[in-house]
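J.: Sharing a sequence plus its predicted fold:
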Amino acid sequence: MKVTTMKKFTVYLSCVLILAAFLGCGPKNTRPADLPDDMTPCAITITQEGTPVAGATVDLEYSTPVKYRTSGTTDEKGVATMMTYGFAGAQQGEAKALVRKVVTEGASEAEEYGEAGNSGADFETIDLKYKSLDTTDLTISIGKNNVAETFEVGTPVHIPAK
């Protein structure tokens, strides 16, 4: 009886190890073959009235077609490290920057803990002109060298988000 239990345990352990090796040894974030090799490190700082804006989303819209989206989210210093398909860097070319930040106000304490309650209201805090490709005046030229750009997005606003 001990031999049968030991054989079952050995088979079970072997299956677990094979499964773990199969699932755990593959690449986690494979770089697509058509993602440009010459992406440029790029950091974009967003400020309002000279103060860094944390939690803003920055998207780059290129003047020429690109396959992969380049975006980032600003940290507490207002700096967004631009990423393309999860890889650090921006594709080279001319682009417009779209900037958006939405905050939720009035959420109840119950909602914050995942319970039913008042979910609050969402508000845009950056002028909507910076959210649209047609109206943004934020442009960036990305070449072969590191790019660090600062964009001022004016006075904070409080506009209901749609």
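T.: Nice, I can see it.
J.: For the most centrally placed residue in the chain, which non-adjacent residue is closest in space?
T.: Geometric centre of the chain, nearest residue: residue 72, 4.5 Å, by CA atoms, centre = their mean. Among residues not flanking residue 72 along the chain, residue 80 sits closest, at 3.3 Å (CB to CB, 6 or more residues apart in numbering). All C-beta atoms are positioned from the backbone trio N, CA, C, and that covers glycine.
J.: And the pLDDT for that neighbour?
T.: For residue 80, the model assigns a pLDDT of 98.
J.: Surely it is in a strand?
T.: Yes - according to DSSP: H, G, I helix; E, B strand; the rest coil, residue 80 belongs to a strand.
J.: ok, it - contacts?
T.: Residues near residue 80 by CB atoms under 8 Å, 6 or more residues apart in numbering: 43-46, 56-58, 71-74.
J.: how close does it get to residue 34?
T.: As defined by CB to CB, to the nearest Å, residue 80 lies at a distance of 24 Å from residue 34.
J.: after the lowest-mean-pLDDT helix or strand in the chain comes which helix or strand?
T.: Lowest on mean pLDDT, DSSP states H and E among the helices and strands of the chain sits helix 109-112, with a mean of 57. Later in the chain than helix 109-112, the nearest helix or strand by DSSP states H and E is strand 121-124.
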